[in-house]
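Engineer: The following comprises the amino acid sequence and a computationally predicted model.
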Amino acid sequence: MPTADASLHRNSYQVGDYVCPTDLPGPVVYRVARTLHLSFGAVQVLELDPFDSGQPLLVRLDKDVRPAPTRQLWRSGAAIRRHAA
(Lines give C-alpha, C1' and ligand atoms only; values in the text may rest on other atoms or scores of the structure.)
Protein backbone atom coordinates (compact mmCIF):
# COMPACT_ATOMS: atom_id res chain seq x y z
CA MET A 1 0.00 0.00 0.00
CA PRO A 2 1.50 3.39 -1.00
CA THR A 3 2.20 5.81 1.80
CA ALA A 4 1.01 9.41 1.77
CA ASP A 5 4.61 10.48 1.09
CA ALA A 6 4.88 8.24 -1.98
CA SER A 7 1.65 9.56 -3.48
CA LEU A 8 2.75 13.18 -3.02
CA HIS A 9 5.98 12.65 -4.97
CA ARG A 10 4.60 10.34 -7.67
CA ASN A 11 4.35 13.11 -10.31
CA SER A 12 7.37 15.11 -9.19
CA TYR A 13 9.77 16.57 -11.69
CA GLN A 14 13.43 15.62 -11.38
CA VAL A 15 16.58 17.57 -12.22
CA GLY A 16 17.28 17.01 -15.91
CA ASP A 17 13.62 16.60 -16.96
CA TYR A 18 12.51 18.67 -19.96
CA VAL A 19 9.37 20.78 -19.51
CA CYS A 20 7.38 23.53 -21.21
CA PRO A 21 5.98 26.39 -19.10
CA THR A 22 2.25 26.67 -19.78
CA ASP A 23 2.19 30.48 -19.63
CA LEU A 24 4.50 30.94 -22.65
CA PRO A 25 3.23 31.06 -26.22
CA GLY A 26 3.98 27.77 -27.93
CA PRO A 27 6.09 24.95 -26.55
CA VAL A 28 9.35 26.50 -25.29
CA VAL A 29 11.63 23.77 -23.89
CA TYR A 30 13.37 24.21 -20.54
CA ARG A 31 15.42 21.77 -18.46
CA VAL A 32 14.72 21.42 -14.73
CA ALA A 33 17.91 22.65 -13.02
CA ARG A 34 16.81 22.55 -9.35
CA THR A 35 13.74 21.54 -7.40
CA LEU A 36 12.35 22.46 -4.01
CA HIS A 37 9.39 20.75 -2.33
CA LEU A 38 7.08 22.95 -0.24
CA SER A 39 4.04 22.21 1.92
CA PHE A 40 5.26 18.73 2.85
CA GLY A 41 5.87 17.85 -0.80
CA ALA A 42 2.45 18.91 -2.09
CA VAL A 43 3.98 21.77 -4.13
CA GLN A 44 7.23 21.77 -6.07
CA VAL A 45 9.17 24.88 -7.11
CA LEU A 46 11.28 24.40 -10.25
CA GLU A 47 14.27 26.41 -11.42
CA LEU A 48 14.30 26.11 -15.20
CA ASP A 49 17.32 26.50 -17.49
CA PRO A 50 16.44 27.44 -21.06
CA PHE A 51 17.35 24.91 -23.73
CA ASP A 52 17.68 27.83 -26.15
CA SER A 53 20.29 30.28 -24.83
CA GLY A 54 18.11 33.20 -25.99
CA GLN A 55 15.52 32.54 -23.28
CA PRO A 56 15.73 33.76 -19.64
CA LEU A 57 16.14 31.54 -16.57
CA LEU A 58 12.68 30.88 -15.06
CA VAL A 59 11.19 29.78 -11.75
CA ARG A 60 7.78 28.06 -11.88
CA LEU A 61 5.53 25.93 -9.72
CA ASP A 62 5.05 22.34 -10.87
CA LYS A 63 1.42 23.06 -11.77
CA ASP A 64 2.61 25.71 -14.26
CA VAL A 65 4.68 23.38 -16.46
CA ARG A 66 4.04 20.22 -18.43
CA PRO A 67 6.44 17.59 -19.75
CA ALA A 68 7.98 18.67 -23.05
CA PRO A 69 6.39 16.84 -25.99
CA THR A 70 8.73 14.21 -27.43
CA ARG A 71 8.39 15.76 -30.88
CA GLN A 72 9.58 19.12 -29.51
CA LEU A 73 12.59 17.46 -27.83
CA TRP A 74 13.53 15.75 -31.06
CA ARG A 75 13.32 19.01 -33.05
CA SER A 76 15.31 20.96 -30.47
CA GLY A 77 18.05 18.32 -30.35
CA ALA A 78 17.67 17.78 -26.59
CA ALA A 79 19.08 14.58 -25.18
CA ILE A 80 16.11 12.45 -24.18
CA ARG A 81 16.62 10.98 -20.73
CA ARG A 82 15.24 7.50 -20.15
CA HIS A 83 12.94 7.26 -17.15
CA ALA A 84 13.06 4.28 -14.82
CA ALA A 85 9.98 2.11 -15.21
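Structural biologist: In hand now; what should we look at?

Engineer: Look at the residue nearest to Asp64 when sequence neighbours are not counted and say how many residues are nearby.
Structural biologist: Distance criterion CB to CB, 6 or more residues apart in numbering; nearest residue to Asp64, sequence neighbours excluded, is Thr22 at 5.6 Å. In short, each C-beta sits where N, CA and C put it, glycine included. Thr22 has 11 neighbouring residues, counting by other CB atoms under 10 Å.

Engineer: which residues does Thr22 contact?
Structural biologist: Counting by CB atoms under 8 Å, 6 or more residues apart in numbering, Thr22 touches Asp64, Val65, Arg66.

Engineer: Using PyMOL, make a named selection holding only the buried ones among those.
Structural biologist: A single PyMOL command selects the buried members of the contacts of Thr22 (16 or more other CB atoms under 10 Å):
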select buried, resi 65
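
Engineer: Take the contacts of Thr22 and write them to TSV, including distance to Val43 and secondary structure.
Structural biologist: As requested, the contacts of Thr22 are exported to TSV (distance: CB to CB, whole Å; DSSP: H, G, I helix; E, B strand; the rest coil):
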residue	distance to Val43	secondary structure
Asp64	11	helix
Val65	13	strand
Arg66	16	strand
